[in-house]
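> Here's a sequence, model it:
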Amino acid sequence: MGTSSAERDQVPLTIRGRRIGKRELTLIRRVVRDLWDEGRSAISRQVCTELGWRQENQRLKDRACRDLLVRLANRDLITLPPSKVNGNGIHRREQAMPTRAVLTKIDELEQCRPITQARILRFEMVCLTPNEELWNTLVRRHHYLGHKTIVGRHLKYIVYSDAIPVACLGWGEAAWHLGPRDRWIGWDDDARRRNLRLVVSNVRFLVLPWVHVKNLASRLLAVGARRIGLDWKNFYGQEPVLLETFVDGSLFLGTCYKAANWLSLGETKGWGKRGASYYLHGSKKDIYVYPLSRNARQRLCNGHLPSGLKRRDRRPNDG
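Model prediction:
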């Protein structure tokens, strides 16, 4: 069913924490009209430029803006040109075959002798580097969830022992709503909107199949937690105070997260995100968090602990 003109003009509204009023909507419609033939990516970059939507490191909030544009289109507030995204929500450019050099390197790694010792680990941040393609291909081939675009702010690491990749880690923005996490922190909606940027999600963690080193996964998580705190601040201008992740309890026990002192907070309700909307897939995930400072909850609540919570109480809330 279509949307009436009165309903279409019901602004201002807030999407992804961004207020869209008549001025913003008029500007977005003009940019869509002017750049229609150049596609959605060009439109989102121009919208970000004209409205000053930038991250703390001054990069355009391009992917977040594309999501916002889709939500406006779903409300019949704008009309977008045809998407260059396939049915799984993955950009076609990321479906292209990796280079022959990358495939050859991975084939050689898969045929090498198993690695049973990894005394010295080297973390290499590969975002915006030639090795990002290697990360993408390793995760696509060996992670059970495959490789999908990490929307918004993110960092990717390949971990090496000598010159051999042993693991891949990916970090991105936190889930917008997460009941057990939000109750454990104790924040209200206003505090969550202000401070969600201080929570970073471990969206991919892969120990590569040619690696057989006892306790390596928990070591990687421990070092990775320290590393992401520094790199996220240097790259995006904000210091995270809490990490989160999700573990499919039907496949994994979460042992490495527990060994690395991550806290178990319960499980999700089984909702997922597809494009600009949510759907119930029924696959619940275990939720783990890792505070990067002793007063993480206090900082996320803007310096105020929730009522009834003692400073020494850092045990997770099962509710």
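
> just so I have it, where are all the helices in the chain?
If DSSP state H is used as the criterion, the helices of the chain fall at 5-8, 22-34, 40-51, 62-74, 100-110, 132-142, 179-185, 189-195, 216-236, 255-259, 296-300.

> Tell me which of the ones you listed lies nearest to residue 242.
Closest to residue 242 of the helices of the chain, according to C-beta to C-beta: helix 296-300, at 5.0 Å. Heads up, the C-betas are built off the backbone N, CA and C, glycines and all.

> now for that closest one, which elements pack on it?
In terms of contacts (3 or more C-beta pairs under 8 Å, 6 or more residues apart in numbering; DSSP states H and E), helix 296-300 is packed against helix 179-185, helix 189-195.

> how about the helices of the chain in TSV, adding mean neighbour count, distance to residue 160 and mean pLDDT?
Output for those, formatted as TSV (neighbours: other C-beta atoms under 10 Å; distance: least, C-beta to C-beta, whole Å; pLDDT from 0 to 100):
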stretch	mean neighbour count	distance to residue 160	mean pLDDT
helix 5-8	10	53	41
helix 22-34	15	43	88
helix 40-51	19	33	91
helix 62-74	20	28	85
helix 100-110	13	11	84
helix 132-142	19	11	92
helix 179-185	20	32	95
helix 189-195	14	34	91
helix 216-236	18	12	95
helix 255-259	16	19	96
helix 296-300	20	30	94
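
> Of all those, which one comes closest to residue 159?
Once those are compared by C-beta to C-beta, helix 216-236 is nearest, at 6.1 Å.

> what helices or strands is that closest one leaning on?
For helix 216-236, the packing partners by 3+ C-beta pairs under 8 Å, 6+ apart come out as strand 121-125, strand 154-161, strand 164-173, strand 199-207, helix 255-259.

> could you say what helices and strands the third one packs with?
Translated: strand 164-173. helix 132-142, strand 154-161, strand 199-207, helix 216-236.

> Over to the second one?
Helices and strands touching strand 154-161, by 3+ C-beta pairs under 8 Å, 6+ apart, are strand 121-125, helix 132-142, strand 164-173, helix 216-236.

> For it, give me every contacting residue.
For strand 154-161, the external contacting residues (C-beta atoms under 8 Å, 6 or more residues apart in numbering) are 115, 117-127, 131-132, 134-135, 138, 150, 165-173, 203-204, 211, 220, 224, 227-228, 231-232, 235.

> avg pLDDT for it?
The predicted model gives strand 154-161 an average pLDDT of 96.

> Tell me the gap between it and the middle of its chain.
Here strand 154-161 shows a centroid-to-chain-centroid distance of 15 Å under the convention C-alpha atoms, centre = their mean, to the nearest Å.
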